[in-house]
Structures are given as C-alpha cells and as structure tokens.
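Enquirer: I'll drop the sequence and a predicted model, then ask my questions.
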Amino acid sequence: MSGILSGKNILVTGLLTEKSIAFHVARLAQREGARVVLTAYGRRSLVELIAKRLPEPAPLVDLDVCDQGQLDSLADRVAEHLGPDPALDGVVHSIAYAPQDALGGNFLNTAWSSVATSVEISAFSLKSLTVAVAGLLERRGGAVVGMDSDAQQAWPYYDWMGVSKAALEATSRYLARELGGRGIRCNLVAAGPIRSTAAKSIPGFQALAEASTARAPLGWDLEDPEPAARAVVALLSDWFPRTTGEIVHVDGGTHMAGA
C-alpha cells in the first residue's frame, strides 16, 4: 500500500539524534514512501551514524545556513541524489540556535551580536534555505515546513529564542505570500517541548517544560517527538494543497489554555 508521500523527494535538515523531531520526520517520511535527503552541520559523522537507524539509507549533504557558498551550491548537491529529473516536493526546516547569553533569563542584558546570531540562524535561515532550493521546489509544486514553538506568549527562560521564533513565524507568512505564485506553500508546526539535545542547551528548560505541560488539556509527553513529526509529514503531503502561511500547534493544547 502506498503512503501519503509516495514518490516524493524530501529534504530534511536538523537531524542530530534519535530524539530529534527531524529524525522522526525522516523516519515517517520514508515509511510513507518518500525519498529523503538529509543535511549535516558540523558533526557529519554523528549524523551519518544516526541516519543508519532510519528504515532506508538517506544521502547526506553538508549545510551551514550562514555560509552563502554552501547555500548557493545546495540545489545542485541535493539534485545529485534525486534522479534524472530532479525535483523537491518538500523541505523541512528544523534549525535553531541561540548563544547562552540570549537564554535563561538574561533578556535585558543580551548583546545585539548574540541576538543577531539567534535571529539569523533560527529565523532568517528559513528564507535562506527556501530560496536556495526554490528552483527544485517549483518544478512540481512543493511544501516547506518549519519547526516552531509557540511565540504568542512570553515564556520564562526562552528570551531571545522566543523573539526569534516570532520572527520565524513572520518569515513563514512572507514566504507563503511571495512563493505561492510559484506553487510553493510554507507552513510551521509549533511543537510542545521535547527533551532533546537542543533542549539541554536552554537554561531552565525543566521549568519551561513544566509550565507548558501543566496547561496541556490533552497532556504532553516530553519524550515523544512523533506527534509533531506526524504533523510535519501531513503538511508535506498532498492532503494540504491549499494551506499556506499557517501554524499548526502540536502541543496538547497548551497554546490556547489559560492558567
């Protein structure tokens, strides 16, 4: 039986460990019939090791979203793995970073250089990545899906990453507006907190997670990335052909619940 991504080519960024949402997106995408290409930044050998735990082999290309040379060559390097008539049907943006002084309750004292780093990597890179592969995406019409966390609220300890996520949400809307005419849609999945490698870098993560999960009417499992990954795969599929500029919350309902 064919899956909802049967015959599609999907580029997945941000895979680092088995606990990452990106890993589960890649796993589910393969299970649903997609050919997956992965990107790696820095720790390539680690990504190669984790990629071997996917159901099917997945080629790997290097990507530093702050390196214009790598962005300029990305489409060609990805196309090498897509067969004689290369096209991308989907891109998953799972990239975020903030320096330590931009997190953990230091909001009023963070230097602009750290803020700029957070915004460039966590928000502007959605535009950079999308533009880099737009030529491949528009060949059949494609979907860009970014990983978000709810930016409607001011969360404790999240500080300038929270601001960066708000910028990510605005960037997604503008990409949806600019690229709709080329058959490219852009959406975000705002996931609840996951106890991942990225989470460990956030001072006060446990308090942040407790504040989030306590408000979730459906409950929320900090150890389970699959609900968010399923939403990403759904948005990559043909089941959302006219949905763009949207934010799908997968957080057990925390985003809409009061205290």
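Expert: Nice, I can see it.
Enquirer: just for the stretch 1-150 of the chain, where's the confidence low?
Expert: Applying pLDDT under 70 to the stretch 1-150 of the chain flags residues 1.
Enquirer: mind listing the helices for it?
Expert: Secondary structure of the stretch 1-150 of the chain by DSSP state H, counting those that start in this stretch: the helices cover 21-31, 44-51, 68-79, 112-119, 125-137.
Enquirer: so of those, which one's packed in deepest?
Expert: Among these, helix 21-31 has the highest mean neighbour count (mean count of other CB atoms under 10 Å), at a mean of 25. The C-beta positions use only the backbone N, C-alpha and C, and glycine is treated the same way.
Enquirer: For it, enumerate the helices and strands it packs against.
Expert: On a contact count with 3 or more CB pairs under 8 Å, 6 or more residues apart in numbering; DSSP states H and E, helix 21-31 meets strand 9-12, strand 35-40, strand 90-93, helix 226-236.
Enquirer: Arg135 contacts Asp76, doesn't it?
Expert: Let me fix one detail, which is that residue 135 is Gly and not Arg. No: Gly135 is beyond contact range of Asp76, at 9.9 Å (criterion: CB atoms under 8 Å).
Enquirer: Report the contact partners of the nearest residue to Gly253 once chain neighbours are set aside.
Expert: Once flanking residues are discounted, Gly253 sits nearest to Pro217: 4.2 Å by CB to CB, 6 or more residues apart in numbering. If you count contacts by CB atoms under 8 Å, 6 or more residues apart in numbering, Pro217 has them with Gly252, Gly253, Ala257.
Enquirer: For Pro217, which three-state class applies?
Expert: When classified by DSSP: H, G, I helix; E, B strand; the rest coil, Pro217 comes out as coil.
Enquirer: can you give me phi and psi for it?
Expert: Main-chain dihedrals, Pro217, degrees, to the nearest 10: phi -60, psi -30.
Enquirer: what's the spacing between it and Glu223?
Expert: Pro217 sits 19 Å away from Glu223, going by CB to CB, to the nearest Å.
Enquirer: outside of stretch 224-233, which residues touch it?
Expert: Residues contacting stretch 224-233 (CB under 8 Å, 6+ apart): 4-5, 19-21, 23-25, 27-29, 32, 92, 145, 147, 189, 191-192, 194, 196, 248, 250.
Enquirer: actually stretch 153-160, not the one I wrote
Expert: For stretch 153-160, the external contacting residues (CB under 8 Å, 6+ apart) are 98, 102-107, 110, 114-115, 118-119, 149, 162, 202-205, 207-208, 211-212, 255.
Enquirer: Selecting buried members of these in ChimeraX, what would you type?
Expert: Buried members of the contacts of stretch 153-160, defined by 16 or more other CB atoms under 10 Å, are picked up in ChimeraX with:
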select :98,102,103,104,106,107,110,114,115,118,119,149,162,202,204,205,208,211,212,255
